[in-house]
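Engineer: The amino acid sequence is not available; the structure is as follows:
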């Protein structure tokens, strides 16, 4: 998957680990274990399980030392082992274990592993379909999994009561880092035919401070992420709720020397710059209008 790929495609790509290690474990059994009848089925299982684990650990650790833009994901190790268990129980089928209590435990682990592996994909598919139905709403935090549309999920918590629209809003923790904020990334990217972007920000501090809205399209990387190639605008936050309306004509004309592609908007960010102390804001009701 590319950086711009949907969550569902990225999660589906992770499931390849399960599929590959089903085939790997079955192939390993056919090559090395089938001819060794002296090995008990239990020893066969231990051999396959630990061979899979060692290979998977080696692959993940190698990503620490190669410069391919990849990074180790130790959840992949769990997916590898799930593939091994699936191959062992449904392809290799050791009949000797059918009535043993240990088999019950392994089957429970198998079912739990399948559920845990498929849940993120299921949630992503559900929310992506919902996001398309919600248009022109981009995010209002009233439905499950909308938090996953944002990149910096660790800075966001959904709160009930006092939302600008509906019952929920998102609490955003801003820090004293040079740039601190959150970015809406997983949303319908085609904004053609709309004239305005709206969102609301609640400043509960009682003090005025600036927040920056940044918008760029998928072509932004071609410019080397230059400042002049995106939309950046400061907004002074008054105490309480602030309703912001941004002309998409201004967004389209923002890049120097070209027009922003409103059919492929990639990112919408809200952030602060060099704050003296941590701040909290609440965000809500991101939508487009004609």
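Structural biologist: Thanks, I have it. Here the structure is a predicted model, which is why all the values come from computation and not from measurement.
Engineer: For the rest of this, base every contact and every neighbour count on C-alpha atoms.
Structural biologist: Will do.
Engineer: mind listing what's buried in the lengthiest strand in the chain?
Structural biologist: Using DSSP state E to define each element, the chain has its longest strand at strand 279-289. Buried residues in strand 279-289, counted by 16 or more other Cα atoms under 10 Å: 279, 281, 282, 283, 284, 285, 286, 287, 288, 289.
Engineer: Check which helix or strand residue 87 maps to.
Structural biologist: Using DSSP states H and E, residue 87 falls within helix 75-87.
Engineer: returning to what we had before: adding pLDDT as columns, could you present the buried residues of strand 279-289 in a markdown table?
Structural biologist: Listed next are the buried residues of strand 279-289 as a markdown table, based on pLDDT from 0 to 100:
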| residue | pLDDT |
| --- | --- |
| 279 | 89 |
| 281 | 92 |
| 282 | 93 |
| 283 | 93 |
| 284 | 94 |
| 285 | 92 |
| 286 | 95 |
| 287 | 95 |
| 288 | 95 |
| 289 | 95 |
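Engineer: Between helix 75-87 and the strand or helix carrying residue 125, find me the angle.
Structural biologist: Here residue 125 sits within helix 101-134, counting by DSSP H and E. Inter-element angle recorded for helix 101-134 and helix 75-87: 120 degrees (by axes from the mean of the first three to the mean of the last three Cα atoms, to 10 degrees).
Engineer: just checking, what packs against helix 101-134?
Structural biologist: Applying 3 or more Cα pairs under 8 Å, 6 or more residues apart in numbering; DSSP states H and E, one finds that helix 101-134 contacts helix 7-14, helix 75-87, strand 137-139.
Engineer: Within the sheet, what are the partner strands of the shortest one, with directions?
Structural biologist: Put plainly, it is strand 137-139. The pairing partners recorded for strand 137-139 under DSSP bridges are strand 279-289 (antiparallel).
Engineer: Name the residues that touch the longest strand of the chain?
Structural biologist: Here strand 279-289 makes contact (Cα atoms under 8 Å, 6 or more residues apart in numbering) with 135-141, 163-165, 168-175, 191, 194-205.
Engineer: in this structure, which spans are helices?
Structural biologist: For the chain, applying DSSP state H gives helices covering 7-14, 16-28, 41-62, 75-87, 101-134, 248-253.
Engineer: Figure out how far the shortest one is from the centre of its chain.
Structural biologist: The one in question is helix 248-253. Offset of helix 248-253 from its chain centre (Cα atoms, centre = their mean, to the nearest Å): 28 Å.
Engineer: what does it rub up against?
Structural biologist: 194, 195, 196, 197, 215, 230, 231, 259, 260, 261, 262.
Engineer: hmm, try it at 6 Å
Structural biologist: Helix 248-253 is touched from outside by 195, 196, 231, 259, 260, with contacts defined as Cα atoms under 6 Å, 6 or more residues apart in numbering.
Engineer: By neighbours, which of those residues wins?
Structural biologist: In terms of neighbour count, residue 260 stands highest of these at 26 neighbours, by other Cα atoms under 10 Å.
Engineer: Now it: phi and psi?
Structural biologist: With angles defined as degrees, to the nearest 10, residue 260 sits at phi -70, psi 140.
Engineer: contacting residues around it?
Structural biologist: residue 252.
Engineer: swap the cut-off to 8 Å and go again
Structural biologist: Residue 260 makes contact with 216, 217, 230, 251, 252, 253, 254 under the criterion Cα under 8 Å, 6+ apart.
Engineer: thinking again about what came up before, right, so of the helices and strands packed on helix 101-134, which gets closest to residue 238?
Structural biologist: Among the helices and strands packed on helix 101-134, strand 137-139 comes nearest to residue 238, with 22.3 Å by Cα to Cα.
Engineer: distance between the closest one and the chain's centre?
Structural biologist: Distance, centroid of strand 137-139 to centroid of chain: 17 Å (Cα atoms, centre = their mean).
Engineer: I'd like the average pLDDT over it.
Structural biologist: The average pLDDT for strand 137-139 rounds to 93.
Engineer: Then stretch 238-246?
Structural biologist: The model assigns stretch 238-246 a mean pLDDT of 93.
Engineer: How about residues contacting it?
Structural biologist: With contacts defined as Cα under 8 Å, 6+ apart, stretch 238-246 is touched by 164, 196-209.
Engineer: make it 6 Å
Structural biologist: If you take Cα under 6 Å, 6+ apart as the criterion, stretch 238-246 is touched by 196, 197, 198, 199, 200, 201, 202, 203, 204, 206, 208.
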